[in-house]
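Novice: Give me the fold of what follows.
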Amino acid sequence: MATQPTKDKIISSSWELLQELPLTEFSMRKLASRLGMTVSSLYYHFSSKEALFAELIDKASLEIIFPANEKTWQNRLLVYGKNIYAVLESYPNLAQLMMDYPPESENYLRLFDKLLMIVDDLNLTDDRKFYTVNLYLNFIYSSKIDSDRLVEQPEKPLSTVKIPLIQLAPFLDKYWQTESLTSLSSSESFEFGLELIISGIEKMVQTD
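Specialist: Prediction:
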């Protein structure tokens, strides 16, 4: 009798499948086939695809290091953002998973809670603190998703508009002729975005 895959094997195979397929094409049937098991056996370990995704997010979230040694909220947000991004780079489609699914698993909830702790003493309403954390995380996820798309499609998309770009949108054309588009996937671009968000928070705190 063949040995059934363990839960850890199912998780590792899920990451492998996500490396090969877009998130929208992932299915429990494809995963079961990869593992050489029946779909019903797979559902014995995970009640749904969403439950499996929650487990993937949970285990990945555990690897994100909280910058406890940073003294200011600004530095904590900056370093934490870099640490989150580093883990997103380690797992295929993780950024899209975390963008699509709300924090429900234990370690993902802790991640969100630590971010709320960082901004808790800021002179903002509770609503704005919550918006701040959501905006911060969505920027990180979107940056990783955009970076992946640029890697997959390094060539600049061809416009279907017949008018030359320099006539239609001269300012856009100026950047189109440089490396501005491809540099969006760089660490420098990501860090600049984080610093921009943090400086915006500082301004809101000062004016409230």
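
Novice: Mind giving me the packing neighbours of the helix or strand hosting Y141?
Specialist: In this structure, Y141 sits in helix 126-152 according to DSSP states H and E. If you count contacts as 3 or more CB pairs under 8 Å, 6 or more residues apart in numbering; DSSP states H and E, helix 126-152 packs onto helix 73-90, helix 94-100, helix 106-119, helix 187-207. Where you see a C-beta, it was placed from the backbone N, CA and C, and this is true even at glycine.

Novice: Can you identify the element that follows that helix toward the C-terminus?
Specialist: helix 165-168.

Novice: how about low-confidence regions in the protein?
Specialist: By pLDDT under 70, the weakly predicted segments of the chain are 1-4, 152-161, 181-182, 208.

Novice: the domain parsing of it - what is it?
Specialist: For the chain, automatic domain parsing gives the domain ranges 7-47, 63-155+175-207.

Novice: Same list, those, but as TSV with distance to E55 please.
Specialist: Putting the domains of the chain into TSV (distance: least, CB to CB, whole Å) gives the following:
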stretch	distance to E55
domain 7-47	6
domain 63-155+175-207	7
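
Novice: Can you add mean neighbour count and distance to I163 and give these back as TSV?
Specialist: Listed next are these as TSV, based on neighbours: other CB atoms under 10 Å; distance: least, CB to CB, whole Å:
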stretch	mean neighbour count	distance to I163
domain 7-47	15	33
domain 63-155+175-207	15	14
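
Novice: so which of these comes closest to P164?
Specialist: domain 63-155+175-207 (11.2 Å; CB to CB).

Novice: now the end-to-end length of the closest one.
Specialist: 36 Å (CA to CA, to the nearest Å).

Novice: Ok, stretch 20-39 next?
Specialist: End residues of stretch 20-39 are separated by 20 Å (CA to CA).

Novice: what's that stretch in contact with?
Specialist: 2, 4-5, 9-10, 13-14, 16-18, 41-43, 46, 48-49, 52, 93, 96-97, 100 (CB atoms under 8 Å, 6 or more residues apart in numbering).

Novice: out of the residues you listed, which are inside helices?
Specialist: 9-10, 13-14, 16-18, 41-43, 49, 52, 96-97, 100 (DSSP state H).
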